[in-house]
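# quick one: sequence plus predicted model below, questions after.
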Amino acid sequence: MNTEKDLTAEFHHQADRIDGSPISFDDVVGTAGRIKRRRRVTTGVAALAAAAVIVPTAMFGGSLFDNDAAPEPARPGIQQVHDVTLDPSLPEGDPPKLAYTDADKLVEPDGTTTTMEQVYAGTDRVGDEYLAAYGFEGAEPMIDILDSDLTVTETVKTNSGAVASADHTVAAWIARDNTIMTRFDGQSVALGKADGVYPQPVAILGSGSCMEEAGGCRVFFNAQGKGPMAADSHGNIEEVPGSFTNIGAVSPDNLIAGLVTPQNAAPTDDLCSAVYDEQASKRLFKTCGWTFDNGAGFSPDNLLLVGQSVESDGSSPRSITVVDARTGKKVLGIDLPDKPRTAYIGGSTWEDDEHLLVRTSRTTMTSPGVENLYRVGLDGSVERLLEHDHENGTMTASWMMIR
Amino acid sequence: MAQDRGSAKDAEFSNWMTARQPALLRTAYLLTGDHHGAEDLVQNTLAKVYLTWHKVRDQQAIDGYARRILVNEHNSLWRRAWKKKETVSSEVPDWISSNDVYDEGRNSALWGLVQTLPAKQRAAVVLRYYEQLSEAETADVLGCSVGTVKSQTSRALATLRSNADDHGLTRADHLGEEER
């Protein structure tokens, strides 16, 4: 028996019977919408072992952008730009200094572990409460509002996960009927209704209260078929300035980062992003080949910004770069090894002003999945923090960092 | 206006999808062994390609990217089954009798045996002997080393040979030649 030839013949025999295109474009768009909503709440951080090859590249670093020719260090105190390669062979470092979820457990920085009602796809903190999203695997997306004891006090229907302000005193989500909801002081207040399909919140600016008389809040969101919009507590819903097609992050001092390549651009055109200063009403810089969505966004001190690579074949990012948020000047580069190609960066989150937590993920033929979590310092240091591996049974769900 | 911009991209994707869907469906069927599973797999794959369509700068690479999603999505489904603690028997059933809608009652013996292979071995042989990828290309799609592709392929072939002998299959049985 020539098994190879027999197999080839058998495969063709079976496959040749199959023809036609039973899946419609509408089917695909509907599925894409569900995936997109799920992703929105699973872009936290996490992961396993990392070794790093630290390569100081150049004093004051290479320039990524058209207008970043200034020779000064991108940030006070940073004398050298580093490029690091994440490689799962480094010794273990201290646990994350942020709380995080590991399947149905909430793990505090001191190691205290509490079991939650279920496995959530994403969790945000607002005051003493948590907004925990679930139902993105083929079910209806929902958000549980948990009290400080992690008891569910309310459940709401949603389009996607929630976002919280930098000081975690106000939060927002968009309800299934497109109502833009805010949460603070244990109460929920609507700001208005979003247009477009599957509107998804990106950021909320505000502190303490979203009541109009208390200064109010602004909720930034993207929606399919519309440009990015912002809703405020005065009832206004306006286009976000800066000629963005999609936004990825907004800082408390009104820097907006997002995609600026028009949706009708030719496939051969570069994919470009920009940062816009809303207070100064001007674009600060533009870069091509990097995006600012689904990453850590602005650093807690608002000085730095995380960009992710755009792979030429459209696959998930394999490198990220930390840049000066006002000039685009490179501060730190983080890459994966050349092989395997199926490894990718699953997400990143700022641990503090000087450190990023970076989750890498890999699915292989011999293992359903391996995830690594690394701590990468602006000084080029890299530590391995956590590991998940289906082979040894530790992997049930990705870690989700809670800032 | 925004709708117009979106429509141009959608039309571009729709054209690609129309051209590629039958081929993706065929590979998905070989991976899953049933048409409902294959359609779900392809629909998820197309949706993921759709979500990144605006980022694609190398149109030549998109077919390979879609294939990688397809296989990894299949592994992911297997992973979810694993998480639910579904068990996969290592023993070959007496016979694989279920006829899929595409089979039209013409299931061959070898096809039945292929469906008893573990997902990873099955993916390796589908990519090697149907897609005709090299070992290196297969390794790239599966995210493993060439050595792993060799070992998995070798194990799959050994299993098929052994089980074919155990069931006393003839070459005609293997190929369902009476049907061709």
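Looks like it arrived, so ask away.
# make it CA atoms for all contacts and neighbour counts henceforth
OK.
# show me the shaky parts of chain B.
Scanning chain B for pLDDT under 70 picks out B:1-8, B:55-60, B:75-107, B:166-180.
# list the contacts for residue B:73?
B:41, B:44-45 (C-alpha atoms under 8 Å, 6 or more residues apart in numbering or on different chains).
# which of those ranks first by neighbour count?
residue B:45 (26 neighbours; other C-alpha atoms under 10 Å in any protein chain shown).
# and it, how far is that from residue B:165?
Here the criterion is C-alpha to C-alpha, to the nearest Å. By it, residue B:45 lies 37 Å from residue B:165.
# burial of residue A:91, as a residue count?
12.
# name the nearest residue to it, sequence neighbours excluded.
residue A:384 (6.3 Å; C-alpha to C-alpha, 6 or more residues apart in numbering or on different chains).
# assign the one you found to helix, strand or coil.
The three-state label given to residue A:384 by DSSP: H, G, I helix; E, B strand; the rest coil is strand.
# what number of residues lie near it?
Using other C-alpha under 10 Å, residue A:384 has 28 other residues around it.
# residue B:165 now?
Residue B:165 has 12 neighbouring residues, counting by other C-alpha under 10 Å.
# give the helix, strand or coil label for it.
helix.
# quick one: it from chain A, how far?
Per C-alpha to the nearest C-alpha, to the nearest Å, residue B:165 is found 10 Å from chain A.
# quick one: buried residues of the strand or helix carrying residue B:153?
Per DSSP states H and E, residue B:153 falls inside helix B:146-166. Across helix B:146-166, burial judged by 16 or more other C-alpha atoms under 10 Å in any protein chain shown covers B:146, B:148-150, B:152-153, B:156-157, B:159-161, B:163-164.
# what does that helix contact?
Counting by C-alpha under 8 Å, 6+ apart, A:1, A:3-4, B:92, B:110, B:113-114, B:117, B:120-122, B:124-125, B:135-136, B:138-139 sit against helix B:146-166.
# what about those, which are in helices?
A:3-4, B:110, B:113-114, B:120-122, B:124-125, B:135-136, B:138-139 (DSSP state H).
# the residues you listed, buried ones only, as a PyMOL selection?
Only the buried entries of the ones in helices among the contacts of helix B:146-166 go into this PyMOL selection, using 16+ other C-alpha under 10 Å:
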select buried, (chain A and resi 3) or (chain B and resi 110+113+114+120+121+122+124+125+135+138+139)
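# let me know the closest of the ones in helices among the contacts of helix B:146-166 to residue A:378.
Nearest to residue A:378 among the ones in helices among the contacts of helix B:146-166: residue B:139, at 34.4 Å, using C-alpha to C-alpha.
# which residues touch the closest one?
Applying C-alpha under 8 Å, 6+ apart to residue B:139 gives the contacts B:145-146, B:148-149.
# quick one: residue A:105 and residue A:113 touch, right?
Yes: assessed by C-alpha atoms under 8 Å, residue A:105 is found in contact with residue A:113 at 6.2 Å.
# and residue B:74, what element?
Secondary structure assignment for residue B:74, by DSSP H and E: helix B:62-83.
# also residue A:257?
strand A:255-259.
# ok, that strand: who's next to it in the sheet?
Strand A:255-259 has these partner strands in its sheet, going by DSSP bridges: strand A:246-250 (antiparallel), strand A:272-277 (antiparallel).
# what's that strand in contact with?
With contacts defined as C-alpha under 8 Å, 6+ apart, strand A:255-259 is touched by A:244-250, A:271-278, A:291-293.
# ok now that strand, how far from the chain's centre?
How far strand A:255-259 lies from its chain's middle: 14 Å, per C-alpha atoms, centre = their mean, to the nearest Å.
# just stretch A:221-236 next, same as before
Stretch A:221-236 has its average C-alpha position 19 Å from the chain's average C-alpha position, going by C-alpha atoms, centre = their mean.
# start to end distance for it?
This stretch, stretch A:221-236, spans 13 Å end to end (C-alpha to C-alpha).
# export stretch A:350-362 as PDB, just CAs?
C-alpha atoms of stretch A:350-362 as PDB (Å, rounded to 0.1, in the frame of the first residue of the first chain):
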ATOM      1  CA  TRP A 350       1.100  49.400  31.700                       C
ATOM      2  CA  GLU A 351       2.100  48.100  35.200                       C
ATOM      3  CA  ASP A 352       3.500  51.500  36.100                       C
ATOM      4  CA  ASP A 353       5.200  54.400  34.400                       C
ATOM      5  CA  GLU A 354       8.400  52.400  33.700                       C
ATOM      6  CA  HIS A 355       7.100  48.800  33.000                       C
ATOM      7  CA  LEU A 356       4.900  47.100  30.500                       C
ATOM      8  CA  LEU A 357       3.300  43.700  31.000                       C
ATOM      9  CA  VAL A 358       3.200  41.900  27.700                       C
ATOM     10  CA  ARG A 359       1.300  38.700  27.000                       C
ATOM     11  CA  THR A 360       2.400  36.400  24.200                       C
ATOM     12  CA  SER A 361       0.400  33.600  22.800                       C
ATOM     13  CA  ARG A 362       1.100  30.600  20.700                       C
END
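# tell me the mean pLDDT for it?
Confidence over stretch A:350-362 (mean pLDDT, whole number) is 91.
# just stretch A:230-249 next, same as before
91.
# what's next to it, contact-wise?
Residues contacting stretch A:230-249 (C-alpha under 8 Å, 6+ apart): A:180, A:191-192, A:194, A:202-203, A:210-212, A:216-222, A:227-229, A:256-263, A:276, A:278, A:282-283, A:292-295, A:297-298.
# distance-wise, check residue A:177 relative to residue A:107.
Note on residue A:177: its distance to residue A:107, by C-alpha to C-alpha, is 33 Å.
# between these two, which one's more packed in?
residue A:107 (20 against 13).
# is the more buried one in contact with residue A:95, as I believe?
No: counting by C-alpha under 8 Å, residue A:107 sits too far from residue A:95 to count as a contact (10.2 Å).
# point out the most buried one among the strands paired with strand A:255-259.
Greatest average neighbour count among these goes to strand A:246-250 (a mean of 26), per mean count of other C-alpha atoms under 10 Å in any protein chain shown.
# so how far is that one off the chain centroid?
Chain-centre distance of strand A:246-250: 11 Å, with C-alpha atoms, centre = their mean.
# give the burial count for residue A:33, as a bare number.
Neighbours of residue A:33 using other C-alpha under 10 Å come to 18.
# excluding chain neighbours, what is closest to it?
Residue A:33's closest residue in space is residue A:198 (C-alpha to C-alpha, 6+ apart), at 7.2 Å.
# do residue A:272 as well
Distance criterion C-alpha to C-alpha, 6+ apart; nearest residue to residue A:272, sequence neighbours excluded, is residue A:288 at 3.9 Å.
# how about that neighbour, what does it touch?
Applying C-alpha under 8 Å, 6+ apart to residue A:288 gives the contacts A:65, A:270-273.
# pLDDT below threshold where in chain A?
A:1, A:34, A:36-79, A:137-138, A:265-268, A:311-315, A:364-368, A:390-396.
# nearest residue to the middle of it?
Note on chain A: the residue nearest the mean C-alpha position is residue A:294, at 2.7 Å, using C-alpha atoms, centre = their mean.
# against residue A:263, how distant is that residue?
For residue A:294 relative to residue A:263 (C-alpha to C-alpha), the value is 18 Å.
# what about residue A:145, which SS state?
Applying three-state DSSP: residue A:145 is strand.
# tell me the bridge partners for it.
Beta bridges link residue A:145 to residue A:131, residue A:154 when assigned by DSSP bridges.
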